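# Fold the stuff below for me.
(chains A, B, C and D)
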There are 2 protein chains.
Amino acid sequence: MKNSTAPRRAHKSLEPAQLHAVADMFAVLSEPSRLRILQLLQQGPASVSDIVDTLDLKQANASKQLGILLAAGIIARQQDGNRAIYSIALPLVFDLCQLVCRNVAEQAATRAASLRG
Amino acid sequence: MKNSTAPRRAHKSLEPAQLHAVADMFAVLSEPSRLRILQLLQQGPASVSDIVDTLDLKQANASKQLGILLAAGIIARQQDGNRAIYSIALPLVFDLCQLVCRNVAEQAATRAASLRG
DNA sequence: ACACTATATCACTATATGGTGATATAGTCA
DNA sequence: TGACTATATCACCATATAGTGATATAGTGT
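Here you go, the predicted model:
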């Protein structure tokens, strides 16, 4: 016998396309290397070599991750002579990180409290 | 010659541990199946079979994804006789999804506008 | 005890992707 | 032109994981 806990489909859910788009955005933000790049760019635009030097990444990897962030529309690219200057195009991502970060801190505090008794 | 675009290290960045925690949270939210489960739970608590039936997931997969959401602290589990009742423990996730979703819509609109000329 | 239901876990496959070294492409400067 | 610098791309490997069928575990009702 089926015994449902609550009525379903009370209000509409995201369409599959939107759902995937949201999942993709989260996926882009789920890599520490990319988050580090975003943190660096938060301080201002930077070239690939700036990023490589500051974050100690291999050039190929930095370029790849920048490409992913670019494709997601999170950063923008501007050619400057020889160099490629990347900058934040979607400051929203910092709101996202801040929300998560606040919660992470909360959870850590809660866990610590539960350990104390 | 090194020719930096902007001064670096202007303000402190997240510590590695926090960075990974944030990345992990985003990773958990980066799967459509898990987002669908969260959407369903947004309407109220549900058992595993509710979820399996409504979302047309295999039982093993539903159980696995619920375990991941549970470990992340996003949902809570309550035993009710034979069944396991899952519910939202971190409503924050809907704020995150809403932020991303709004932006996805914006990007789609912008892209459509650019296509129109 | 038994049959039945509900959930979790195991072993496995297929796929995706982060990181890397090598190479290609493109701009700069002499 | 040629040497140099900066960036992107390619081919590859190693790892992670979503999904699956089979099985284990645990509660319910007879």
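# contacts, neighbours, all on C-alpha from now
Fine.
# where exactly do the helices run in chain A?
Taking DSSP state H as the test, the helices found in chain A are A:16-28, A:32-42, A:48-55, A:59-71, A:92-116.
# Now do the contacts for the nearest residue to A:Q79 once chain neighbours are set aside.
Spatial nearest neighbour of A:Q79, excluding adjacent residues (C-alpha to C-alpha, 6 or more residues apart in numbering or on different chains): A:I85 at 6.1 Å. Applying C-alpha atoms under 8 Å, 6 or more residues apart in numbering or on different chains to A:I85 gives the contacts A:45-48, A:77-79.
# Chain B is nearest to which of the helices of chain A?
With C-alpha to the nearest C-alpha, the closest approach to chain B among these belongs to helix A:16-28: 4.2 Å.
# Distance-wise, check the residue nearest to A:S33 when sequence neighbours are not counted relative to B:V93.
Leaving aside its sequence neighbours, A:S33 sits nearest to A:Q65 (C-alpha to C-alpha, 6+ apart; 7.7 Å). Counting by C-alpha to C-alpha, to the nearest Å, the separation of A:Q65 from B:V93 is 25 Å.
# can you check A:A62 too?
Distance from A:A62 to B:V93, by C-alpha to C-alpha: 29 Å.
# Repeat that for A:L29.
14 Å.
# what's stretch A:46-56 in contact with?
Against stretch A:46-56 from outside (C-alpha under 8 Å, 6+ apart): A:36-37, A:40, A:57-59, A:62-63, A:83-87, B:4-6.
# Mark which of those are buried, thanks.
Taking 16 or more other C-alpha atoms under 10 Å in any protein chain shown as the criterion, what is buried in the contacts of stretch A:46-56 is A:36-37, A:40, A:62-63, A:84-87.
# re earlier: check the contacts of A:I85 one by one and keep those near DNA strand D.
The subset of those within reach of DNA strand D, by C-alpha under 7 Å from any atom of the strand, is A:47-48.
# any idea which of the contacts of A:I85 is closest to DNA strand C?
DNA strand C has its nearest neighbour among those in A:Q79, at 7.9 Å by C-alpha to the nearest atom of the strand.
# do the least confident helix or strand in chain A by mean pLDDT and chain B meet?
Of all helical and strand segments in chain A, the minimum by mean pLDDT, DSSP states H and E falls on helix A:92-116, at a mean of 86. Yes. Using C-alpha under 8 Å from any C-alpha of the partner chain, helix A:92-116 reaches chain B at A:92, A:96-97, A:99-101, A:104.
# give the contact list for the residue nearest to the spatial centre of chain A.
Nearest to the geometric centre of chain A sits A:L29, at 2.3 Å (C-alpha atoms, centre = their mean). Residues near A:L29 by C-alpha under 8 Å, 6+ apart: A:35, B:23, B:26-27.
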